[in-house]
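Colleague: Structure, please.
(4 chains)
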Number of protein chains: 2
Amino acid sequence: MAEQTEVRRTPLSRERVLRAAVALADEAGIDSLSMRNLAQDLGVVPMALYKHVANKDELVAGMIDVVIDEIDPPVADVDWKHAVRERILSARRVLQRHPWVSLAIESQQAPTPAILAYLDSMVGTFRGGGFSVDLAHHVMHAMGSRTLGFSQELFDAARNAGRTGATSPEPPAALPAQFADRFPNLAEIAVVASHDDASVVGRGCDDQFEFEFALDLLLDGIERLHQQGWTSTG
Amino acid sequence: MAEQTEVRRTPLSRERVLRAAVALADEAGIDSLSMRNLAQDLGVVPMALYKHVANKDELVAGMIDVVIDEIDPPVADVDWKHAVRERILSARRVLQRHPWVSLAIESQQAPTPAILAYLDSMVGTFRGGGFSVDLAHHVMHAMGSRTLGFSQELFDAARNAGRTGATSPEPPAALPAQFADRFPNLAEIAVVASHDDASVVGRGCDDQFEFEFALDLLLDGIERLHQQGWTSTG
DNA sequence: TGACACCAGCGTACGCCGTACACCTTGGAG
DNA sequence: CTCCAAGGTGTACGGCGTACGCTGGTGTCA
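Modeller: Numbering: from 1, shown residues only, chains lettered A, B, ... in the order given. You can find the predicted model right below:
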């Protein structure tokens, strides 16, 4: 009636919703991220958001992917060690810009596509540096929480991705083709791992082994520093 | 009236509340831990719990402490490396029994007393093995998320513990005496760290340095494995 | 031009949550 | 016998995620 002149606001979109959600979480903390607050920031009623995200979990998953995509791509033409180092430092910078992300990632039950892509690319860097599938696998576990704070449950998640019904105790060998397509390095690891420890049925890898592998890697490194009489100047 | 014969149920206590809460989280998941569900498990009305815990955050803190206390004490009379290794594996076993704990710890804003005690004792093991305060400090950071999934923000928390009012920009040098009493090894680290990097005012330590220290420790260890042509048999 | 389908956004409502506050009951101390 | 403190109760409030049905504006096609 009165105000046709009111500026027609730019319509919502998944993109806009996710960006606003990230901004809200950055500024006010993840605890302040509610569908209601987010809707208010967007000048919209809460239920309007559900036309663009399925529910809050899926919203958070989308936010995570937005953030993970900020991580620099791997630098080319350098040895694996520098490539990995720079990439992880880039990831760290991103996570410092968005302090809520680590916890959000760990709270999710399955890694998001962007995270899988990031991990896959990281494995690719190791493989490109001449690492065997096995070593690349263990090394990824060892760096897990250091690099992003997850990846412990990676292959559980890979199995979940393949399960449509509820009660299908099929062998874990068959990863969905789509997965292998998008994340070839992860798929390779999954295949090898599930092949050579048939002892643990339905598990991609032996968590206890991975844990001790990483632990001993650290302890051995620490011991070496200690024996060399480490001081902060060198 | 009718039923005086009803068995007088054992009264609530902080102990009983915490134990029931841990049991509930273990069985039904941390998401199912609500004051209402917990009260129901205890055959009591929700508000009754508040006579024994201040609020839900404090309940969770108490739960964490209950669990952390399950970690075995350090084995005596062995070198630092074996002592640390066994202790961490014990911690891992505990965390596997209570899968919700890692996330709960990371969600808290300050480490609980039991966690501080655990960390302090771990530092003590390193110091007893001849580590300098500095090296022990860095090494604790390096093992942080691997051992329990926290400790990144440890000294932030230590500073928080000393702040009673809101706006007291006093120098960080003065840790509360109580803290130094209970956690002498942590206090020692805090003092040394805040002494020699006066560049960063009010920070116990340089996060970026700690991160890169840990990262390089891992990368160097990985490189060594790679160069030795690592295979899973050794 | 008119009819119509579609769909983004709206409004209402439900069942959870944490917890403030006032009340009642009970057992022990004086 | 009285009184009090402490523990358990009941009610109520504001916030949460979201199911469900409605509306109004737009694009399509006859």
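
Colleague: Any idea which helix or strand in chain A has the lowest mean pLDDT?
Modeller: helix A:154-162 (a mean of 45; mean pLDDT, DSSP states H and E).

Colleague: how about the helices in chain A?
Modeller: Secondary structure of chain A, counting by DSSP state H: helices at A:14-28, A:35-41, A:56-68, A:80-97, A:101-107, A:113-128, A:133-147, A:154-162, A:177-182, A:184-196, A:207-227.

Colleague: Tell me which residues of the first one come out buried.
Modeller: Within helix A:14-28, the residues that qualify as buried are A:17, A:18, A:20, A:21, A:22, A:24, A:25, A:26, counting by 16 or more other C-beta atoms under 10 Å in any protein chain shown. The C-beta positions use only the backbone N, C-alpha and C, and glycine is treated the same way.

Colleague: Redo these as JSON lines? Include distance to residue A:57 and pLDDT.
Modeller: Compiled in JSON lines, the buried residues of helix A:14-28 are given as follows (distance: C-beta to C-beta, whole Å; pLDDT from 0 to 100):
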{"residue": "A:17", "distance to residue A:57": "14", "pLDDT": "98"}
{"residue": "A:18", "distance to residue A:57": "13", "pLDDT": "98"}
{"residue": "A:20", "distance to residue A:57": "17", "pLDDT": "98"}
{"residue": "A:21", "distance to residue A:57": "12", "pLDDT": "98"}
{"residue": "A:22", "distance to residue A:57": "16", "pLDDT": "98"}
{"residue": "A:24", "distance to residue A:57": "16", "pLDDT": "98"}
{"residue": "A:25", "distance to residue A:57": "14", "pLDDT": "98"}
{"residue": "A:26", "distance to residue A:57": "19", "pLDDT": "98"}
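
Colleague: Take those residues and lay them out in TSV including distance to residue A:78.
Modeller: Shown next, in TSV, are the buried residues of helix A:14-28 (distance: C-beta to C-beta, whole Å):
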residue	distance to residue A:78
A:17	38
A:18	33
A:20	37
A:21	35
A:22	31
A:24	37
A:25	34
A:26	31
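
Colleague: could the residues you listed go into a markdown table alongside distance to DNA strand D?
Modeller: Below are these laid out as a markdown table (distance: C-beta to the nearest atom of the strand, whole Å):
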| residue | distance to DNA strand D |
| --- | --- |
| A:17 | 13 |
| A:18 | 14 |
| A:20 | 14 |
| A:21 | 10 |
| A:22 | 15 |
| A:24 | 11 |
| A:25 | 11 |
| A:26 | 17 |
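
Colleague: Determine which two of those residues are furthest apart.
Modeller: A:17 and A:26 (15.0 Å; C-beta to C-beta).

Colleague: Residue A:231: how many residues sit nearby?
Modeller: 10 (other C-beta atoms under 10 Å in any protein chain shown).

Colleague: got a list of what it touches?
Modeller: Contact analysis of residue A:231 by C-beta atoms under 8 Å, 6 or more residues apart in numbering or on different chains lists B:132, B:134, B:135.

Colleague: Give me the distance between the closest residue to the last one other than its chain neighbours and residue B:143.
Modeller: Using C-beta to C-beta, 6 or more residues apart in numbering or on different chains and skipping the chain neighbours, the partner closest in space to residue B:135 is residue A:230 (5.2 Å). Counting by C-beta to C-beta, to the nearest Å, the separation of residue A:230 from residue B:143 is 15 Å.
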